[in-house]
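A.B. asks: have a look at this prediction, sequence included:
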Amino acid sequence: MSNTKKPINKKVPLLTELRTKKDLYLMLLPFFIFFVIFTVIPVLFAVVMSFTNYNVIQTPGFVGLENYINLFLNDDLFMKALQNTFVMAILTGPVGFLLSFCMAWMLCELPDKVRVVMTVILYGPSLAGNAYMIWGLIFSSDSTGYMNSLLISMGVTDSAILWLQDSKYMMPIIVIVQLWMSFGIGFLSFIAGLQGVDRSQLEAGMVDGITNRWQELWYIVLPSMRPVLLFGSIMAITGAFAISGTALTGFPSTGYATHSLVDHLQDYGTTRLEMGYASAIAVVLFALSVGSNKLIQKFLRKVGT
Amino acid sequence: MVKWFKRIRATGGFRKAFVRYFTKGRSNRSVGGTMGLLIFIALFGLFAIFPVLFMVGNAFKPLRELYRFPPTVFPVSPTVQNFRDLLEYANDSLVPFTRYLFNTGVLVLVGCLGQILLSAMAAFPLAKFKFRGKGIMSGAVVYALMFSGAVTGVPNYIIITRLGLMDSLWAVILPSFASTLGLYLLQNFMEMLPDSLIEAARIDGASYFRTLLVVILPVVKPALMTVFIFTFQGLWGNTGGSFLYTENIKPLSYMLSRIAATGIARQGMASAASLLMFIIPVAIFIITQSNVMETMATSGMKD
């Protein structure tokens, strides 16, 4: 172990380092082989392909920025997808994140059993996977759909509303369903993190003049939660950019009202097989997702300081 | 009972006891505030669980109740007919039900064991030792959490085709090994372990690999369980997408989601199928819940 405590000596040649720590590198190797093949290479591959007109059938040719120019100038549907993705990401990412944190904060001092039950209830939906089709029944377009029958029997409306086909309602429904599923891994982190806040610190804070929970939250809880908040934000933002509402609103959705970047990417990548163009969409999605993550992290590092 | 009553009297009455019970012994909140909080949490929980209750209710409704107006949440005369229909349908299909079950079993078992083994092996050096390239590797692991699988979907399709893995379960299993969430959680958990633990083993002459196997793995069990459940959740719902096209290697989730998508005539069956898909990961989460929480407590990202 003593050799591991030494600061890395940059003068040691790489080969010597590889030889002396052979076992360590051997342990890392299997995972990173898969990581390189299925994550690193694909990302680089997507960037390269985005400058070509690769379409599986013909030999790919280099087309420069053509795909990107077409995306932003000639593809109205892409602009629509971009806009929809922004709306969905902003409404579900940050809101889902804040909702998860607030809920975790409210639960943190409840008796253990109550807290565990609520955790399961809130985390459950994010496990629903295909089962969130249940929302399709709630917002079913005939009068036996739960929402329609409720509204009809209350006298709010006299005919069934086409919830999932009317562009007025589609987006709000996708956002609600997405928020329902937003208590995911980040939420578990918040719950666990809040349990770990040092209680003696809270008591010391009260002696030092902290009078209410809000002050306690800002001056004691949030600063000590910062690492967990950073992790939770990654989970929330990455999830927000991965939204696709096709399971509920179908593909293509009516008037493309919920068409997202992921849907656009799927359309070109797996249906039209225009891999070059699809890759350009993937690169935009990648840049947006990583960029937003970095931006939010910069912001979160300032919390409570 | 009397004793209990007396104790409450002695410590400031029922109002204080009420607040203390719901604040883990701290009493700096008003009775009204505590009550408001509880009501809000209850309402929110109701909103979250409502669709799930629907699904459960529908799964046990006979056909005539499924299309009743106005619809009810719970069945008036519950029946397991839907589950029977489901089983019958599954047995009648070209590929036997057990085959789908077997495929999912292989997918989940190989996928989870592989993920745990690979992640644990890589997490140990990253968490506990210094070596050339550590910074880049740790950084890459975090970066990979920042974008979804959709980004790498198209190139992965090509890579999997080129590797000759298309239409085999490996096409789903191997790419899932590249997921970094498990590695990230394990690495964080291992960083919390005292160095003395490893030093002792190393002094005894144990190799790095043996140290991991004998000393580390037994104490990071909660994190291993967590990697298991998260990997399980991912693979359990995986329908094989565009990677599997031969019917007899498709997983259970594919069959059940196909039933769920067939619409009106099979509404009851679809609900039964959705319920089955949903209940298994939730049950596993409930069982492993305390392990997951212990792991998530160390999930924070250092500045």
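C.D. replies: Looks like it came in fine.
A.B. asks: what are the ranges of the strands in the stretch 1-150 of chain B?
C.D. replies: Remark: no strands are assigned in the stretch 1-150 of chain B by DSSP state E, counting those that start in this stretch.
A.B. asks: show me where pLDDT drops low in it?
C.D. replies: B:1, B:9-12, B:27-28, B:69 (pLDDT under 70).
A.B. asks: any idea which helix or strand carries whichever residue of chain A sits closest to chain B?
C.D. replies: Residue nearest to chain B within chain A: residue A:227 (2.6 Å; CB to the nearest CB). Glycine gets a C-beta too; all of them are placed from N, C-alpha and C. Per DSSP states H and E, residue A:227 falls inside helix A:222-241.
A.B. asks: give me phi/psi at residue A:62?
C.D. replies: phi -80, psi 120 (degrees, to the nearest 10).
A.B. asks: count of residues packed around it?
C.D. replies: Neighbours of residue A:62 under the rule other CB atoms under 10 Å in any protein chain shown: 10.
A.B. asks: ok, what's across the strand from it?
C.D. replies: residue A:52 (DSSP bridges).
A.B. asks: dump the residue contacts of the residue lying closest to the residue of chain A closest to chain B once chain neighbours are set aside.
C.D. replies: Nearest residue to residue A:227, sequence neighbours excluded (CB to CB, 6 or more residues apart in numbering or on different chains): residue B:300, at 2.6 Å. Going by CB atoms under 8 Å, 6 or more residues apart in numbering or on different chains, residue B:300 touches A:189, A:193, A:225, A:226, A:227, A:228, A:230, A:231, B:188.
A.B. asks: what does the pLDDT read for residue B:300?
C.D. replies: pLDDT for residue B:300: 90.
A.B. asks: how about the residue nearest the centre of chain A: what's its closest non-neighbour residue?
C.D. replies: When CA atoms, centre = their mean is applied to chain A, the residue found nearest the centroid is residue A:239 (1.4 Å). Closest residue to residue A:239 apart from its sequence neighbours, by CB to CB, 6+ apart: residue A:184 at 6.6 Å.
A.B. asks: who's in contact with that neighbour?
C.D. replies: A:100, A:123, A:126, A:235, A:239.
A.B. asks: residues in contact with residue B:221?
C.D. replies: By CB under 8 Å, 6+ apart, residue B:221 lies in contact with residue B:291.
A.B. asks: then residue A:284?
C.D. replies: Contacts of residue A:284 (CB under 8 Å, 6+ apart): A:71, A:82, A:261.
A.B. asks: the nearest residue to residue B:210 once chain neighbours are set aside and residue A:259, how far apart?
C.D. replies: Among residues not flanking residue B:210 along the chain, residue B:201 sits closest, at 7.5 Å (CB to CB, 6+ apart). Note on residue B:201: its distance to residue A:259, by CB to CB, to the nearest Å, is 56 Å.
A.B. asks: of those two, who's got more company?
C.D. replies: Using other CB under 10 Å as the criterion, residue B:201 and residue A:259 rank with residue A:259 on top: 25 against 19.
A.B. asks: make sure that one is actually in contact with residue A:82.
C.D. replies: No - using CB atoms under 8 Å, residue A:259 is not in contact with residue A:82; the gap is 9.8 Å.
A.B. asks: now do the SS call for the closest residue to chain A within chain B.
C.D. replies: Residue nearest to chain A within chain B: residue B:300 (2.6 Å; CB to the nearest CB). The three-state assignment at residue B:300 reads coil, by DSSP: H, G, I helix; E, B strand; the rest coil.
A.B. asks: quick revisit: read off the pLDDT value for the residue nearest to the centre of chain A.
C.D. replies: 91.
A.B. asks: residues in contact with it?
C.D. replies: So residue A:239 contacts A:92, A:93, A:96, A:182, A:184, B:148 (CB under 8 Å, 6+ apart).
A.B. asks: export the helix or strand containing residue A:152 as CSV, just CAs?
C.D. replies: Following DSSP H and E, one finds residue A:152 within helix A:146-154. Extracted C-alpha coordinates of helix A:146-154, given in CSV (Å, rounded to 0.1, in the frame of the first residue of the first chain):
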residue,chain,number,x,y,z
TYR,A,146,-61.2,7.9,-16.6
MET,A,147,-60.5,11.5,-17.2
ASN,A,148,-63.3,11.9,-19.8
SER,A,149,-65.9,10.1,-17.7
LEU,A,150,-64.9,12.2,-14.7
LEU,A,151,-65.3,15.4,-16.6
ILE,A,152,-68.5,14.3,-18.2
SER,A,153,-70.1,13.2,-15.0
MET,A,154,-69.0,16.5,-13.4
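A.B. asks: count of residues packed around residue 87?
C.D. replies: I'll assume chain A. Residue A:87 has 15 nearby residues by other CB under 10 Å.
A.B. asks: wrong chain, I was asking about chain B
C.D. replies: What residue B:87 shows, counting by other CB under 10 Å, is a neighbour count of 14.
A.B. asks: now residue B:155: which helix or strand?
C.D. replies: helix B:149-162.
A.B. asks: how about the next helix or strand after that helix against chain A, any contact?
C.D. replies: Following helix B:149-162 in sequence order, the next helix or strand is helix B:170-176 (DSSP H and E). Yes - counting by CB under 8 Å from any CB of the partner chain, chain A is contacted by helix B:170-176 at B:174, B:175.
A.B. asks: who touches helix B:170-176?
C.D. replies: By CB under 8 Å, 6+ apart, the list of residues contacting helix B:170-176 reads A:34, A:37-38, B:107, B:110-111, B:114-115, B:156, B:160, B:165, B:231, B:234-235, B:238, B:240, B:243-244, B:251.
A.B. asks: repeat that for stretch B:100-120.
C.D. replies: A:30-31, A:34, B:90, B:169, B:172-173, B:176-177, B:179, B:182-183, B:186, B:212, B:216-217, B:220, B:224, B:227-228, B:231-232, B:235-236, B:238, B:248-255.
A.B. asks: give the PyMOL command for selecting the buried subset of these.
C.D. replies: Selection of buried members from the contacts of stretch B:100-120 for PyMOL, criterion 16 or more other CB atoms under 10 Å in any protein chain shown:
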select buried, (chain A and resi 30+31+34) or (chain B and resi 90+169+172+173+176+177+179+182+183+186+212+216+220+224+227+228+231+232+235+236+238+249+250+251+252+253+254+255)
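A.B. asks: for the helix holding residue B:155, which positions count as buried?
C.D. replies: So helix B:149-162, judged by 16+ other CB under 10 Å, has buried residues B:149, B:150, B:151, B:152, B:153, B:154, B:155, B:156, B:157, B:159, B:160.
A.B. asks: near chain A, which of the residues you listed show up?
C.D. replies: B:149, B:150, B:151, B:152, B:153, B:154, B:155, B:156, B:157, B:159.
A.B. asks: now tabulate the buried residues of helix B:149-162 in TSV and tack on distance to residue A:139.
C.D. replies: Listed next are the buried residues of helix B:149-162 as TSV, based on distance: CB to CB, whole Å:
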residue	distance to residue A:139
B:149	27
B:150	25
B:151	30
B:152	32
B:153	28
B:154	32
B:155	36
B:156	33
B:157	33
B:159	39
B:160	36
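A.B. asks: surely residue B:245 meets residue B:239?
C.D. replies: No - using CB under 8 Å, residue B:245 makes no contact with residue B:239, being 11.6 Å away.
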